[in-house]
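Chemist: The following block contains a protein sequence and its predicted model.
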Amino acid sequence: MTKTLKLIFIAITFLIFFGCSSGDCTKMITIPAQTIQTPSGSSYMPAYEREVACDFEIEPVEENTKELENFSYEILNFVYTPDTGKNTSRIQMEIKLNNLNDFNVTGVPIITVNVDGTESVGNFASKATSPCYGIDAKSSCIFTFDQETSLSLGLIKSVKIVSVKYIVPKK
């Protein structure tokens, strides 16, 4: 997957899960045109603008990073509520991240999710209660995330975790 496509998926994921709340500072960003491959074929989405919170930033995919080897994870809790009855959706997750190495690591968990049949990759750590930016040797960290999002962007029927990776700097 190209860097541009990864950034687009990250941007869309963030827009879906971290919509702006009314009354806050907002700015306009442009989402580039893209072609999305799904199991049933492909679809083209033209470029469009989206209003987001002023502190919204797309985190660049780093060339100087790699996936941590000897890493495992366990999904302890995952609940997606498409409509909470308060004009919001809610995603809650607790994932046990395991560093099986003999050394401490500093990095970030990257979660691949399937959103209504389309996979996207996201870094949920910036909004997590426990982001797990570091894991000691032969230890684990419980990544926790709980976020409600306005349905103003549309109703998402299902969200499923596909995989979790832990990204660390290359040495």
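Modeler: Thanks, I have the structure now. Just so it is clear, the structure is predicted and the values come from calculations on it, not from any experiment.
Chemist: Identify each of the strands in this structure and give its residue range.
Modeler: Counting by DSSP state E, the segments of the chain that form strands are 26-31, 34-38, 41-45, 48-53, 65-67, 71-81, 88-99, 105-106, 108-115, 118-122, 134-135, 139-150, 159-169.
Chemist: now for the ones you listed, which one comes closest to A128?
Modeler: When those are ranked by proximity to A128, the top entry is strand 139-150, at 4.6 Å, counting by C-beta to C-beta. C-beta: built from backbone N, CA, C; applies to glycine.
Chemist: Report the angle between that closest one and strand 88-99.
Modeler: When axes from the mean of the first three to the mean of the last three C-alpha atoms, to 10 degrees is applied, the directions of strand 139-150 and strand 88-99 differ by 170 degrees.
Chemist: Identify all contacting residues around strand 139-150.
Modeler: Contacts made with strand 139-150 from outside it, assessed by C-beta atoms under 8 Å, 6 or more residues apart in numbering, are listed as 16-21, 76, 84, 86-99, 109, 124-125, 127-132, 134-135.
Chemist: at 7 Å what do you get?
Modeler: Residues outside strand 139-150 that contact it (C-beta atoms under 7 Å, 6 or more residues apart in numbering) are 17-19, 21, 84, 87-99, 109, 124, 127-132, 135.
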